[in-house]
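Next comes the sequence, and after it the predicted model I'd like to discuss.
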Amino acid sequence: MDPQVIEAAWRHAFERIQAAPVETAPFAHFAVDGVFPEDFYAEMIARLPDDDGYAFGDERGAEGPERHRGAIDFFQTDVAERVADARGAFWKDLTNAEVTRDLATLVLGKFGPHFDAAEIHQRFGAQPQVRGKWLLTRDRAGYLLTPHNDTPM
């Protein structure tokens, strides 16, 4: 895909994210509708890898519902190798290091005023290191998302 098309899609996404208000109840979060232009989003959907491009939980020794969740971790897998056709190259281009850094900076900047340094220190023992991470996930029948009991409300 033309790099200028990808760049324009990211510009659109960054503008949409920047404009989204941060809601604080029940915790700091934001939601963005139409984060990518419709035509680009349709292209993303069309370029999703087939099931064999994902490492499902049963391949990783997971048990229970996690067996049914597949993922491509862009930091542990060369997606262009796992997805050997043009779709792999598309996702590799879309998730480049510069975009990862800029997106992480944007999102962390939005949440910065809502971080409670004392709570973070108490929970993690130190200031956590934060980095962007790209995952494509696919859920098969049998997967379910359970409550996150590790997150205080």
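Ah, there it is.

okay, CA-based contacts and neighbour counts for the rest of this
OK.

quick one: contacts of the longest helix along the chain?
If you go by DSSP state H, the chain has its longest helix at helix 3-19. Applying C-alpha atoms under 8 Å, 6 or more residues apart in numbering, the external contacts of helix 3-19 come out as 32, 34-37, 40, 93-94, 99, 103, 106-107, 110.

Among the residues you listed, which ones are in helices?
Reading helices off these with DSSP H, I get 40, 93-94, 99, 103, 106-107, 110.

quick one: low-confidence parts of the chain?
Regions of the chain meeting the criterion pLDDT under 70 cover residues 77-80, 148, 150-153.

could you say which helix or strand contains the closest residue to L48 other than its chain neighbours?
Nearest residue to L48, sequence neighbours excluded (C-alpha to C-alpha, 6 or more residues apart in numbering): R87, at 6.9 Å. For R87, the element it lies in under DSSP states H and E is helix 86-94.

which helices and strands sit right next to that helix?
Applying 3 or more C-alpha pairs under 8 Å, 6 or more residues apart in numbering; DSSP states H and E, one finds that helix 86-94 contacts helix 79-82.

mind redoing it with 10 Å?
If you count contacts as 3 or more C-alpha pairs under 10 Å, 6 or more residues apart in numbering; DSSP states H and E, helix 86-94 packs onto helix 3-19, helix 38-46, helix 79-82.
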